[in-house]
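Student: After the sequence you'll find the predicted model.
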Amino acid sequence: MAYPKTGVDAGIADRIQSAISDKKTSILALSEDSGVPYSTLRRSIKASRSLSIDELLDISNALKVHPAELLPPAITGMPA
């Protein structure tokens, strides 16, 4: 069953999707580079599963972005 994307998880999912697109990579490549299992990453991008802090750090390192860039503005106070 799919759940609608809402809240912090949805914001993180949207930012990861944007970073994947900006870096011209794929979920599979990000999974391999970050060490986060593909199914976990895919579910997190659909916002049907929350990421752990360790997973978020692994993903940000693989994407070569600061972890705060993957958090929604409501959390960081940074502009969108």
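Tutor: Perfect, I can see it now. Numbers count the residues shown, from 1 in each chain.
Student: residue closest to the middle of this protein?
Tutor: Of all residues in the chain, the one closest to the mean position by CA atoms, centre = their mean is Ile16, 3.5 Å from it.
Student: tell me the SS of it?
Tutor: Here Ile16 is helix, with the state taken from DSSP: H, G, I helix; E, B strand; the rest coil.
Student: so who does it touch?
Tutor: Contacts of Ile16 were listed using CB atoms under 8 Å, 6 or more residues apart in numbering, and they are 30, 44-45, 59, 63, 70. Any C-beta I mention is one placed from the backbone N, CA and C, and that applies to glycine too.
Student: which one of these has the most neighbours?
Tutor: Most neighbours among these, by other CB atoms under 10 Å: Ile59, with 26 neighbours.
Student: That residue and Glu32 touch, don't they?
Tutor: No: the criterion here is CB atoms under 8 Å, and Ile59 misses it with Glu32 at 11.9 Å.
Student: Could you give the number of residues near Ser52?
Tutor: 11.
Student: What separation is there between it and Lys24?
Tutor: Counting by CB to CB, to the nearest Å, the gap from Ser52 to Lys24 is 26 Å.
Student: so where's this structure uncertain?
Tutor: By pLDDT under 70, the low-scoring segments of the chain are 1-6, 76-80.
Student: go with 90
Tutor: By pLDDT under 90, the low-scoring segments of the chain are 1-11, 46-50, 72-80.
Student: mind listing the strands for it?
Tutor: In the chain, no segments count as strands under DSSP state E.
Student: so who does Arg42 touch?
Tutor: By CB under 8 Å, 6+ apart, the contact set of Arg42 is Ile27.
Student: Would you mind measuring from it to Pro73?
Tutor: With the distance defined as CB to CB, Arg42 ends up 24 Å from Pro73.
Student: same check, this time on Leu30
Tutor: Leu30 sits 22 Å away from Pro73, going by CB to CB.
Student: Could you report the neighbour count for Glu32?
Tutor: Glu32 has 13 neighbouring residues, counting by other CB under 10 Å.
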